[in-house]
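[1] following is a predicted model, sequence given first.
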Amino acid sequence: ASTLGASAAERGRYFGTAIAGSRLSDSQYTTIANREFNMISAENEMKLDATEPNQNQFTFGSGDQIANWALNNGKRLRGHTLAWHSQQPGWMQRMEGSSLRSAMLNHVTRVATYYRGKIYAWDVVNEAFADGSSGARRDSNLQRTGNDWIEAAFRAARAADPNAKLCYNDYNTDNWSHAKTQAVYRMVQDFKSRGVPIDCVGFQAHFNSGNPVPSNYHTTLQNFADLGVDVQITELDIEGSGTSQADQYRGIVQACLAVTRCNGITVWGVRDSDSWRASGTPLLFNGNGQKKAAYDAVLAQLNTG
Ligand code: G3I
């Protein structure tokens with residue numbers, strides 16, 4: 001097929017992008033996004049600070065703008081994200097202990113209930129593990145409520161939206177030999193063995209020269225899938241340009257297609273100028289909306305296998 005979404009669909013997968021609400025009035029942006037992608041993540045608009053700016057006052061206007069654009073254009077939605085140490089509203093940043101635990105679970109319940117039936121997969125918990133070699137949980141106000149906060153969030157999400165896939169999502173979990181990857185793996189293994197409701201693991205896949213695409217990427221995806229969860233590439237971007245960037249993108253697509261339970265790939269933005277990496281060129285379209293070599297490589301690989 002001739003677009004990313006249609007080509008991925010022929011392989012039983014999706015190809016998605018993050019959408020920023022502020023760009024929905026840019027017709028070049030919406031034309032590309034609508035043509036190429038069939039899974040949509042809100043880049044910021046469903047996060048905790050956006051959806052619960054004051055405790056127990058929920059605001060879904062910005063999230064709905066993206067959800068409606070996606071659903072009206074026949075696309076599926078990835079929910080991002082219900083519980084995270086970052087982008088918490090001020091009132092939550094100042095909370096600790098059992099009141100924070102209750103507020104977090106209330107947030108998960110209310111947001112997942114509001115979007116019930118509209119979400120293909122939720123990033124229930126985002127970025128809960130520390131970087132580096134410790135393999136430990138990241139210190140945060142949520143972690144300090146007790147090590148079981150993650151499973152509590154997953155149980156609340158399952159009760160609120162039984163049909164959404166529930167995912168754990170993180171970055172720098174791509175290299176199988178890294179301590180952070182191993183630590184997330186052990187958590188998922190533990191959840192599966194104890195019946196904690198988890199359906200999928202999201203690999204953010206933000207790559208750059210200091211964090212290149214590892215040669216064992218396929219091994220990582222396959223090992224997680226073998227635990228009995230789906231795996232998804234959720235926020236892909238790769239710094240660089242030209243052939244080198246295109247080759248790395250091709251490798252990611254190849255790795256996903258080689259794993260039966262790798263359901264799809266989402267890139268974290270449409271054009272380079274839309275990326276959170278303000279000065280970089282990590283995406284598939286340049287700032288003028290033209291297809292890059294990386295785009296051609298991804299499309300060709302989706303159509304090859
Ligand atoms: O909307 C305000 C605007 O009103 C204000 O004038 C401006 C001034 O700084 O800030 C705007 O908010 C910014 C927001 O993006 C929208 O553009 C925030 O400052 C900025 O921090 C926020 O950055 C987002 C970042 O998450 C925050 O953690 C990026 O857009 C978003 O791409 C990025 O996405 C994360 C994923 O959620 C999780 N994984 C990593 C990924 C990349 O960092």
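    Cool, the structure landed.

[2] I'd assumed Thr59 was in contact with Arg110.
    No. The pair Arg110 and Thr59 does not pass the contact test of CB atoms under 8 Å, sitting 11.3 Å apart. In short, each C-beta sits where N, CA and C put it, glycine included.

[3] who has more neighbours out of those two?
    Neighbours around Arg110 and Thr59, counted as other CB atoms under 10 Å, are more numerous at Arg110. The numbers are 18 against 13.

[4] if I look at the more buried one, how far off is the ligand?
    Between Arg110 and the ligand the computed distance is 20 Å (CB to the nearest ligand atom, to the nearest Å).

[5] shared neighbours, Arg110 and Thr59?
    Glu52 (CB atoms under 8 Å, 6 or more residues apart in numbering).

[6] mind listing the strands for the stretch 151-300 of the chain?
    165-170, 200-203, 206-207, 230-238, 262-267 (DSSP state E, counting those that start in this stretch).

[7] need those strands in CSV with mean pLDDT and distance to Leu105, can you?
    Putting the strands of the stretch 151-300 of the chain into CSV (pLDDT from 0 to 100; distance: least, CB to CB, whole Å) gives the following:
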stretch, mean pLDDT, distance to Leu105
strand 165-170, 99, 14
strand 200-203, 99, 21
strand 206-207, 97, 29
strand 230-238, 98, 23
strand 262-267, 98, 27
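
[8] mind putting those strands into JSON lines with mean neighbour count and distance to Asn44?
    Converted to JSON lines, the strands of the stretch 151-300 of the chain look like this (neighbours: other CB atoms under 10 Å; distance: least, CB to CB, whole Å):
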{"stretch": "strand 165-170", "mean neighbour count": "25", "distance to Asn44": "15"}
{"stretch": "strand 200-203", "mean neighbour count": "26", "distance to Asn44": "17"}
{"stretch": "strand 206-207", "mean neighbour count": "22", "distance to Asn44": "16"}
{"stretch": "strand 230-238", "mean neighbour count": "26", "distance to Asn44": "12"}
{"stretch": "strand 262-267", "mean neighbour count": "25", "distance to Asn44": "15"}
